[in-house]
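In: For reference, the sequence and a predicted model appear below.
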Amino acid sequence: MKSFLSRCHLNKIPVEIMYISNNGQVSQRIISINDMNETTIRAYCHLRKTQRVFKLENILSINYKKAAV
């Protein structure tokens, strides 16, 4: 997963994630990665329209953002 995220970060490709918050809420997000380290990703969240920090351990799934039709 980290290599996929690194490629998306380097190529500035938005990604779609399923994320579980610390309180158990699952949400689908589209994010644009700004920075990442071993445990977290700092990204612009298109759902919340702000910068957010995501824990890698809380990402349930990840994929390329699907193109709008």
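Out: Received the coordinates, thanks.

In: Secondary structure element for the spatially most central residue of the chain, which one?
Out: Among the residues of the chain, the one closest to the centroid is I31, at 4.7 Å (C-alpha atoms, centre = their mean). I31 belongs to strand 26-36 when assigned by DSSP states H and E.

In: shouldn't S61 be in contact with I17?
Out: Yes: here S61 reaches I17: they are 6.8 Å apart, a contact under C-beta atoms under 8 Å. To be clear about C-beta, it is placed using only N, CA and C from the backbone, and glycine gets the same treatment.

In: Quick check: buried residues in stretch 49-68?
Out: By neighbour count, with 16 or more other C-beta atoms under 10 Å as the criterion, the buried positions of stretch 49-68 are 52, 54, 59, 62.

In: What about the residues you listed, which are in strands?
Out: For the buried residues of stretch 49-68, the ones inside strands are 52, 54, 59, 62, with DSSP state E as the criterion.

In: show me the contacts for the first one.
Out: For R52, the residues meeting the contact criterion (C-beta atoms under 8 Å, 6 or more residues apart in numbering) are 31, 42-45.

In: between these, which is closest to N23?
Out: The shortest approach to N23 among these belongs to C45, at 16.9 Å (C-beta to C-beta).
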